[in-house]
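Undergrad: Structural data only, the sequence is not supplied:
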């Protein structure tokens, strides 16, 4: 690993966007609530000291009480989320955002 072999490298994402899709609240085999949703982000960022309009659509998942809280929000609602990126599953290379915190706007 580039950081000397430590498994604890940086993986923290903060993103503001709109909820554009939300699945039905589901429960894991252990009975924990989980919610899959899609966020759409648009902003102007600086790249190479030049402004660049950025658009991104990102799949996300929330677990536990966060899932219940996000389930109460309608699509179109703007949220800021903080979390980490990980593959959807052990066999998948599709990256999703795992939400640890959120606030509404």
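TA: All right, it came through fine. Everything numeric in this text was worked out from a predicted model, so none of it was measured.

Undergrad: Can you list the low-confidence ranges for this structure?
TA: The chain contains residues with pLDDT under 70 at 1-6.

Undergrad: ok, which stretches of it are strands?
TA: Taking DSSP state E as the criterion, the chain carries its strands at 13-22, 26-27, 33-47, 50-63, 78-87, 95-104.

Undergrad: Look up how far residue 35 lies from the spatially most central residue of the chain.
TA: Most central in the chain under C-alpha atoms, centre = their mean is residue 97, positioned 3.2 Å from the mean C-alpha point. Computed as C-beta to C-beta, to the nearest Å, the residue 97 to residue 35 distance reads 12 Å. Quick note: C-beta positions are derived from backbone N, CA and C, even for glycine.

Undergrad: shared neighbours, the two?
TA: Here residue 97 and residue 35 have residue 61 as joint contacts, going by C-beta atoms under 8 Å, 6 or more residues apart in numbering.

Undergrad: Could you pull up the residues touching the closest residue to the residue nearest to the centre of the chain other than its chain neighbours?
TA: Spatial nearest neighbour of residue 97, chain neighbours left out: residue 60 (4.1 Å); criterion: C-beta to C-beta, 6 or more residues apart in numbering. Shown in contact with residue 60 (C-beta under 8 Å, 6+ apart): 36, 37, 38, 39, 81, 83, 96, 97, 98, 99.
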